Structures are given as C-alpha cells and as structure tokens.
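Student: generate coordinates for the sequence data below:
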Amino acid sequence: MSMKEKLQGIKSNKSLIGGILVVIIILVLVFTLGKKGAEAPVTEGENTGEETGTALSVAEPVVSGDFEYAFSGVEWMFDTEDPLVVGTGQTYLKMMFADFTRNGNAITFGRPYKLGFHPGTCEVVDFLDTADLSGIPLAYAKCSDGKITREFAVLQESENVMVKMKETTLENPVWQDWYKINVTEIVK
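Tutor: Prediction:
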C-alpha cells in the first residue's frame, strides 16, 4: 500500500468518526431537551376537560402512632367539562395529593377533593403572597373571569393540609379557610 493510499484511508476514518460524533451530540441534545419539556408543571387532562398542575414544594412527612404519611405535594384539577359547569363560565376546582403513601405503601385515591365552582378559568400560579399565613406552601392557583378573581393557596402545617382562598376583587381581601384535611385521617 502506498503512502497516498494510507493517507486517504486515515482521512476517510476521520470523516467517519467526525460524522458519528455529530450524530451522538445531536442525540444527546434531543434527549436532554426532550426531558426538560416533559417536566412542564401544567398538563392537560385526557378527554376530561381538566387541566392539572403539580406540587409547588415537597410536603413534610407526618408520623402518627405506627404510621408515617408522606406525599410530594398536591395536584390541581381545573374541570371545565363537568355537566355542572358547562356553559356557566365557571370551573370546577379540585385537588388530589401527589404520591401519597402510608408507611411507604402507595395509596391511590378514587376521587379528588372538590373545592367548588369558581368564576372563569383557573390556572396554576408560581407565587402568591402568603407571608401572613402559617404553614409550608404546597401549591397556588387562581380563578378569574375578569370581574371576580379568587386566589387559592394550599399549605401544610403538621398533619393538616389547609386550602385558603382570597377574593382579590373585594375591598378588603383576606385569606379565608376554605378546606382542611388531616392527612392521618385519610386512610384508616
């Protein structure tokens, strides 16, 4: 084999290796960016007209007697296709515990907690000022039809998970107790 043929073989191998490296880099980018898109905090429910949002922060485990209750937060459900709200301009607000366990065993809930009918459309929000409230903030949501706006905060204080509501269109909006759940009483 002549020196010229050897050089052409080396150049050919370099081109092949370069092409393989480009393909690998593209695959790494596609998979990395694909994972980021899959972690979006808001998804749409399948054929239910419900939009859901995941937890804002991780809840603290609760120990009661021989049981340890844990969950990663709450998940909002914004149902606009329930027969009770279709055509009314309202959203049926619901929530569920995300990844709920008792002593490490997963608990599946058949139905969400129903938080009532609220004007307009609802959405998950990243922040609401709850500095004057006690508890760990788990999730926030806001419902509005342009005239009435209601803000919701879910907070955990020890074994209690509280949903607070504030109607910001009132003259003196204040957080009101809306719903309270003792996590040690969910599963008996």
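Student: just checking, residue 121 touches residue 90?
Tutor: No. Judged on CB atoms under 8 Å, residue 121 makes no contact with residue 90 at a distance of 9.1 Å. (C-beta placed from N, C-alpha, C; glycine too.)
Student: looking at the protein, which helix or strand is least sure?
Tutor: One helix or strand of the chain scores below all others by mean pLDDT, DSSP states H and E: strand 42-44, with a mean of 30.
Student: which other helices and strands contact the strand or helix carrying residue 177?
Tutor: Per DSSP states H and E, residue 177 falls inside strand 176-182. Using 3 or more CB pairs under 8 Å, 6 or more residues apart in numbering; DSSP states H and E, the elements in contact with strand 176-182 are strand 113-119, strand 160-167.
Student: how about the ones you listed, which one is nearest residue 143?
Tutor: For residue 143, the closest of the helices and strands packed on strand 176-182 is strand 113-119, at 3.8 Å, according to CB to CB.
Student: now the closest one against strand 160-167, angle please.
Tutor: 0 degrees (axes from the mean of the first three to the mean of the last three CA atoms, to 10 degrees).
Student: neighbouring strands - and their directions - for the following helix or strand past strand 113-119?
Tutor: Going down the chain from strand 113-119, the next helix or strand is strand 121-124, by DSSP H and E. Paired neighbours of strand 121-124 in the sheet (DSSP bridges): strand 136-144 (antiparallel).
Student: the partner strand - what's its average pLDDT?
Tutor: The average pLDDT for strand 136-144 rounds to 95.
Student: re the thing from before, quick one, which of residue 121 and residue 90 is more surrounded?
Tutor: Taking other CB atoms under 10 Å, residue 121 and residue 90 do not tie; residue 90 has more neighbours (21 against 15).
Student: for this protein, which segments are assigned as helices?
Tutor: 3-38 (DSSP state H).
Student: could you list the low-pLDDT ranges of it?
Tutor: Within the chain, the ranges that satisfy pLDDT under 70 run 1-57.
Student: what bridges to residue 167?
Tutor: On the basis of DSSP bridges, residue 167 is bridged to residue 150.
Student: whoops, I mixed them up, residue 67
Tutor: Taking DSSP bridges as the rule, residue 67 bridges to residue 64.
Student: near it, how many other residues are there?
Tutor: 12.
Student: surely it and residue 186 touch.
Tutor: No. Applying CB under 8 Å as the test, residue 67 and residue 186 come out as separate, 10.7 Å apart.
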